[in-house]
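K.L.:
turn this into a model:
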Amino acid sequence: MAKYLLSAKSIGSNSAEEKMKTMTTYFKSQENRNKFSRFNAAIKEAIEKYQPNVVWVDGGLRPAVRASGIPWIQAFSGNPAFLHIDPDLPPGGFGLPTFGGRDAWDECNKIRREIIYSSDYQEMVQKLGYERYPGDAISPIAEASLVVYGFPEELNYASIPKWFNLEIFNRPNPNQKLLSPLLTMLVPEEFMERCKSSGGKLIYVSLGTMASADLQFMNRLISLLGKTEHKYIVSKGPRHDELKLPGNMYGDRYLPQQKILPHVELVICHGGCNTVTESLAEGKPLIVLPNFGDQFDNAQRIEEVKLGIRLNYDFLDNELIDAIEKLLYDKELHSRLEAISNRLKASDKHSILADKIETMFRKQK
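P.N.:
Okay, here's the model as predicted:
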């Protein structure tokens, strides 16, 4: 997927509008159509073998699930504005302001509708011998037994339907900081020694699996941060072996993010929903460098509610350095983030959802 997004220029310096347009062509590729067919066949085989009572779906609904007649739950691990089209909601995927700036909404909604309602997707569905979905929707959520998303209420929009808001998919433990391994168990000893011998704060950097594949952007970011006094733990992503880190950084292909977050003072990220929500759950301010899809919307909301700073792909060097210093030492912000963290950790939404699902499907037996 990362390779496809790079080749299609969905990752890189293109505008959000240009990147969204490339998403509409995804299912035109024969390679991606073949993947769709193989994935659907695997799901069909699993359903026939295990005969589940309910199917949890994240993303587009595969035809094998719909044809099975088994009830399904639509989960969406992204910004809810991306999934829900509403005249009072900025179209998701463009990072438009929540209030004002409506001049661009109509044109952006046209582009987004081609993603949510795809004739190319329906052609694949028909080719596999299934009926087209109502309205050509990739995921006809009106047929779902339940819609679940995860977006902290501090970031949420007023006009989202009465879907179930889990707020955060990877539930934080109230005692995560106490339970989290010592940092010495997560990073090499020599890095810890370098941290002790210098000043500055410890910062976590993650551009996710997709955006981290943009080596030009990653190398620029690493070079710039390498000149600061701070130390960085870097999630290097799928092209990890092509990235060289300076002495004030440690990184690996993938890192245990939730275990690392309690130990850092700031998060620099791409704006993926999991990283945003998990950072807020640990009370960390965010610098968001959006690159793709709903990352633009998450970055916009973080800035609008003043829980961090959004910077564009072509940010100036001093903009990033100034943002780091501002967020690290903003006491009022840290106090607000601590309250959000405590609230999210005390939430019993996961238990409520589990009980809701048990009750729904117990009635159907």
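K.L.:
could you check the pLDDT of residue 12?
P.N.:
With respect to pLDDT, residue 12 scores 80.
K.L.:
next one: phi and psi at it?
P.N.:
phi 130, psi -150 (degrees, to the nearest 10).
K.L.:
all further residue positions should be reported with the first residue as 29.
P.N.:
Got it, the first residue is 29 from now on, which makes the last one we talked about residue 40.
K.L.:
run a quick neighbour tally on it.
P.N.:
Around residue 40 there are 17 other residues, counting by other CB atoms under 10 Å. Where you see a C-beta, it was placed from the backbone N, CA and C, and this is true even at glycine.
K.L.:
what of residue 310?
P.N.:
By the measure other CB under 10 Å, the count of residues near residue 310 is 25.
K.L.:
and the pLDDT at it?
P.N.:
94.
K.L.:
now do the phi/psi pair for the nearest residue to it once chain neighbours are set aside.
P.N.:
Leaving out its chain neighbours, the residue that sits closest to residue 310 by CB to CB, 6 or more residues apart in numbering is residue 289, at 4.2 Å. Main-chain dihedrals, residue 289, degrees, to the nearest 10: phi -50, psi -40.
K.L.:
what sits against residue 289?
P.N.:
Applying CB atoms under 8 Å, 6 or more residues apart in numbering to residue 289 gives the contacts 232, 295, 306-307, 309-310, 312.
K.L.:
switch the cut-off to 10 Å
P.N.:
Residue 289 sits next to 200, 204-205, 208, 232, 234, 261, 295, 303, 306-312 when contact means CB atoms under 10 Å, 6 or more residues apart in numbering.
K.L.:
distance of it from residue 248?
P.N.:
Note on residue 289: its distance to residue 248, by CB to CB, to the nearest Å, is 24 Å.
K.L.:
kindly report the same for residue 106.
P.N.:
Distance, residue 106 to residue 248, by CB to CB: 26 Å.
K.L.:
the more surrounded of the two?
P.N.:
Taking neighbours as other CB under 10 Å, residue 106 and residue 248 compare with residue 106 leading, 23 against 15.
K.L.:
now the closest residue to residue 358 other than its chain neighbours: phi and psi?
P.N.:
Closest residue in space to residue 358, ignoring its immediate chain neighbours: residue 313 at 7.1 Å, by CB to CB, 6+ apart. Note on residue 313: its backbone torsions stand at phi -70, psi 160 [degrees, to the nearest 10].
K.L.:
what does residue 232 give?
P.N.:
As for residue 232, its main-chain torsions (degrees, to the nearest 10) stand at phi -100, psi 130.
K.L.:
and for residue 233?
P.N.:
The phi/psi pair for residue 233 (degrees, to the nearest 10) is phi -120, psi 120.
K.L.:
hey, what's it bridged with?
P.N.:
residue 262, residue 296 (DSSP bridges).
K.L.:
my read is that residue 84 contacts residue 101, right?
P.N.:
Yes. The criterion here is CB atoms under 10 Å, and residue 84 meets it with residue 101 at 5.1 Å.
K.L.:
mind listing the shared neighbours of those two?
P.N.:
Common neighbours of residue 84 and residue 101 are listed as 174, 176, 385 (criterion: CB under 10 Å, 6+ apart).
K.L.:
and those, which is closest to residue 54?
P.N.:
Distance ranking of those against residue 54, using CB to CB, places residue 176 first at 24.1 Å.
K.L.:
in three-state terms, label that closest one for me.
P.N.:
Classification of residue 176 by DSSP: H, G, I helix; E, B strand; the rest coil places it in strand.
K.L.:
is it correct that it is in contact with residue 196?
P.N.:
No. The criterion here is CB under 10 Å, and residue 176 misses it with residue 196 at 11.8 Å.
K.L.:
shared neighbours, those two?
P.N.:
residue 377.
K.L.:
follow-up on the earlier one: the more surrounded of residue 84 and residue 101?
P.N.:
residue 101 (20 against 13).
K.L.:
roughly how far apart are that one and residue 145?
P.N.:
From residue 101 to residue 145 the distance is 21 Å (CB to CB).
K.L.:
give the buried residues for stretch 51-67.
P.N.:
Using 16 or more other CB atoms under 10 Å as the test for burial, stretch 51-67 gives 51, 54-55, 60-61, 64.
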